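K.L.:
kindly generate the corresponding structure for this input.
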Amino acid sequence: DLQKLAKEYQFSLVTNPSDATVHIDGKLVGRTPLNVTLEEGTKSISVSKAGYQTYTETFVLNRNISKSITLTSMVQNYQLSVITSPSGADIYVNNAYIGRSPLSVTLEGGTKNLRIERSGYETYTENFILDRSISKSITLTPQVKEYRLSVTSSPSNALVYINGTYQGRTPLTLTLREGSYAIRVTADGYEDFSTNVTLASDRQVSATLYAKKARLTIETEPTNASVFVDNVYVGRSPLSVDLDAGRHTIRVEKSGYITDSKDVNLAAGTSSSTKITLIEERPVARITISSDPSNARIFINGKDYGRSNRVVELDPGYYEVVLVLDGYRVSVTYRYFGKGDHNLSFNLSRID
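P.N.:
Take a look at the predicted model:
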């Protein structure tokens, strides 16, 4: 007998999803996508994949055949339990509201999007696969509030530091999270301005900057002199005073010495010194010399001092004072004149 030759045909199979296990006539032939050569005849195919219903079919292979199969998912239900801190949050699964925490619900298995919302807290989102019963415990993050902080200064263009970090120059507006902040405003030649603010709403800080003082040390020779700055008494030398930057007049007075003054120009935030040496006053005897009649010539220790009536200044001591006027007798006195003011009067007698 002549033996009949079996014909062979190509069999191709794709599945959705792929990677499914394929058995033909009870024999494992591979995973999808699949392309095999088989003898002609009646075939029984079985396609299986975890989580999906097994697909079976009997067909006659009498030509090249290509098949495309969509596997049917096996629906399984699982328990989802959600606890939040704080509780009372709204829970959404795949955008569908399912209740408030804490809760426990039964859902079909599969990929899920979990969203949790509560007033005053950041929205929590998570994607997960529900392929078993799951319990979730979630701590919600308090919602961060932001406010505007405006900082101005007089003078402007001052440097602004917040919590020690440079932020810019005034006027300055920043958006910051709710909370407490240390603010420092500084400018060359001015005292720093510092303050603490708590941002629970929009805030404005106005900084008035005051010029730095200049320290001046004043010494005199001799010491213990009265010191005046811009005509204001500030104490006795030696001393140090804090003054505004700029030009100032220093005046020094001491009994028995000639008053002296000088101008100083001070820079803000600096320390400097000045010394004033006083010149001792010459002691003076101030003599007012008058005569009746007047216009008599005055001689003191033989020196002509002009005519009466007049004031003569001399060193303290003994002096001979002579007045001479034509037609009158010469008038002479000899006496001591100390420091200070003196009056000396002469009544002249006519010559007979």
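
K.L.:
what sits up against the helix or strand of the chain with the lowest mean pLDDT?
P.N.:
Least confident helix or strand of the chain, by mean pLDDT, DSSP states H and E, is strand 279-280 with a mean of 87. Strand 279-280 is contacted from outside by G256, Y257, I258, D260, using CB atoms under 8 Å, 6 or more residues apart in numbering. The way it works is simple: take the backbone N, C-alpha and C, and place the C-beta from them, glycine included.

K.L.:
now with 6 Å?
P.N.:
With contact meaning CB atoms under 6 Å, 6 or more residues apart in numbering, strand 279-280 is reached by Y257, I258.

K.L.:
starting at the chain centroid, how far to that strand?
P.N.:
Centroid displacement of strand 279-280 relative to its chain, using CA atoms, centre = their mean, to the nearest Å, is 55 Å.

K.L.:
report the contact partners of H248.
P.N.:
Counting by CB under 6 Å, 6+ apart, H248 touches V229, D230, V264.

K.L.:
at 10 Å instead, please
P.N.:
A214, L216, V229, D230, V241, K262, D263, V264, N265, L266 (CB atoms under 10 Å, 6 or more residues apart in numbering).

K.L.:
who does the most centrally placed residue in the chain form a beta bridge with?
P.N.:
Residue closest to the mean C-alpha point of the chain, counted by CA atoms, centre = their mean, is Y161 at 1.9 Å. Listed beta-bridge partners, Y161: Y166, R184 (assigned using DSSP bridges).

K.L.:
is it true that it touches Q167?
P.N.:
Yes: using CB atoms under 10 Å, Y161 is in contact with Q167, at 6.7 Å.

K.L.:
which residues are common contacts for these two?
P.N.:
With CB under 10 Å, 6+ apart, Y161 and Q167 have common neighbours I183.

K.L.:
may I see the buried residues of the strand or helix carrying V234?
P.N.:
Under the criterion of DSSP states H and E, V234 resides in strand 232-236. By neighbour count on 16 or more other CB atoms under 10 Å, the buried set for strand 232-236 is V234.

K.L.:
direction included, what does the helix or strand following it pair up with?
P.N.:
Using DSSP H and E, the helix or strand that follows strand 232-236 towards the C-terminus is strand 239-244. Sheet pairing for strand 239-244, assigned by DSSP bridges, gives strand 213-221 (antiparallel).

K.L.:
and the partner strand, how far out from the chain's middle?
P.N.:
34 Å.

K.L.:
enumerate every residue touching P142.
P.N.:
By CB under 10 Å, 6+ apart, the contact set of P142 is P86, R118, G120, Y121, E122, E178.

K.L.:
distance of the fourth one from T139?
P.N.:
When CB to CB, to the nearest Å is applied, the distance between Y121 and T139 equals 10 Å.

K.L.:
same thing with the last one?
P.N.:
Taking CB to CB as the criterion, E178 is separated from T139 by 19 Å.

K.L.:
higher neighbour count, those two?
P.N.:
E178 (14 against 10; other CB atoms under 10 Å).

K.L.:
what's the burial count for the residue lying closest to the more buried one once chain neighbours are set aside?
P.N.:
Using CB to CB, 6 or more residues apart in numbering and skipping residues adjacent in sequence, the residue nearest E178 is K145, 4.3 Å away. Neighbour count for K145, taken as other CB under 10 Å: 13.

K.L.:
tell me the spacing between K145 and T198.
P.N.:
Distance of K145 to T198, given as CB to CB: 12 Å.

K.L.:
overlap in contacts, these two.
P.N.:
E178, G179.

K.L.:
name the element the nearest residue to T111 once chain neighbours are set aside belongs to?
P.N.:
Sequence neighbours aside, I129 is the residue nearest to T111 in space, at 5.5 Å (criterion: CB to CB, 6+ apart). Here I129 is covered by strand 124-130, with elements defined by DSSP H and E.

K.L.:
tell me the strands beside that strand, with direction?
P.N.:
Sheet pairing for strand 124-130, using DSSP bridges, gives strand 110-117 (antiparallel).

K.L.:
what pLDDT, on average, does the partner strand get?
P.N.:
Mean per-residue pLDDT for strand 110-117: 93.

K.L.:
gap between it and the chain center?
P.N.:
43 Å.

K.L.:
using PDB, write out every CA atom in that strand.
P.N.:
Once non-C-alpha atoms are left out, strand 110-117 reads as follows in PDB (Å, rounded to 0.1, in the frame of the first residue of the first chain):
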ATOM      1  CA  GLY A 110      -6.900  45.400  39.300                       C
ATOM      2  CA  THR A 111      -4.900  48.700  39.000                       C
ATOM      3  CA  LYS A 112      -6.400  51.400  41.300                       C
ATOM      4  CA  ASN A 113      -5.800  55.100  41.800                       C
ATOM      5  CA  LEU A 114      -6.300  56.100  45.400                       C
ATOM      6  CA  ARG A 115      -6.900  59.800  46.200                       C
ATOM      7  CA  ILE A 116      -7.500  61.200  49.700                       C
ATOM      8  CA  GLU A 117      -8.600  64.700  50.400                       C
END
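
K.L.:
mind listing what's buried along it?
P.N.:
When neighbours are counted by 16+ other CB under 10 Å, the buried residues of strand 110-117 are found to be K112, L114, R115, I116.

K.L.:
ok so, going back, counting neighbours, which of the contacts of P142 comes out on top?
P.N.:
Most crowded among the contacts of P142, counting by other CB under 10 Å, is R118 at 20 neighbours.

K.L.:
count of neighbours near the nearest residue to that one once chain neighbours are set aside?
P.N.:
Counting by CB to CB, 6+ apart, R118 lies nearest to A89, which is 3.9 Å off, once chain neighbours are set aside. Residues lying near A89 (other CB under 10 Å) number 24.
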